[in-house]
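Trainee: Build me a model from this:
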Amino acid sequence: MVIWVNEAENTQGDLFGNNRLKQILEKSESRSPETIVQAVRSGVYEFEGDEQADDITLLALRYEGRALNIENPELSLSMTNNLEEI
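Mentor: Purely as a prediction, here's the structure:
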């Protein structure tokens, strides 16, 4: 799983940074990707305050540990975007 939030900025001009992201991820260990995205998004919103300076993109992946069948590979990716959440 990789989530990267490096441009979020608060009203004092401080960046969200890797340390804040790391703290959230450590608290979110063993949770679903959806829950981790919610936790990071909430942390960024709280940090930024009332003003969002840039777009926010989050991606969380869960590795299931299954090997692909080389003769008949089956790989799928599903991405959803709920505009009501933006």
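
Trainee: remind me, longest helix of the protein?
Mentor: helix 33-48 (DSSP state H).

Trainee: Neighbours of residue 10, how many?
Mentor: 15 (other C-beta atoms under 10 Å). All C-beta spots, glycine's among them, are computed from the backbone N, C-alpha and C.

Trainee: typed the wrong thing, it's residue 20
Mentor: 18.

Trainee: do residue 41 as well
Mentor: 16.

Trainee: contacting residues for it?
Mentor: 56, 58 (C-beta atoms under 8 Å, 6 or more residues apart in numbering).

Trainee: Quick check: it vs residue 56, distance?
Mentor: 7 Å (C-beta to C-beta, to the nearest Å).

Trainee: Quick check: buried residues in the longest helix of the chain?
Mentor: 36-41, 43-44, 47-48 (16 or more other C-beta atoms under 10 Å).

Trainee: what bits of this structure have low per-residue confidence?
Mentor: 1-6, 53, 66-86 (pLDDT under 70).

Trainee: how about the helices of it, start to end?
Mentor: 17-27, 33-48.

Trainee: Out of those helices, flag the one nearest residue 61.
Mentor: Nearest to residue 61, of all these, is helix 33-48, at 6.4 Å by C-beta to C-beta.

Trainee: would you turn the buried residues of helix 33-48 into CSV with distance to residue 27?
Mentor: Formatted as CSV, the buried residues of helix 33-48 follow (distance: C-beta to C-beta, whole Å):
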residue, distance to residue 27
36, 10
37, 14
38, 12
39, 7
40, 10
41, 14
43, 9
44, 14
47, 15
48, 19
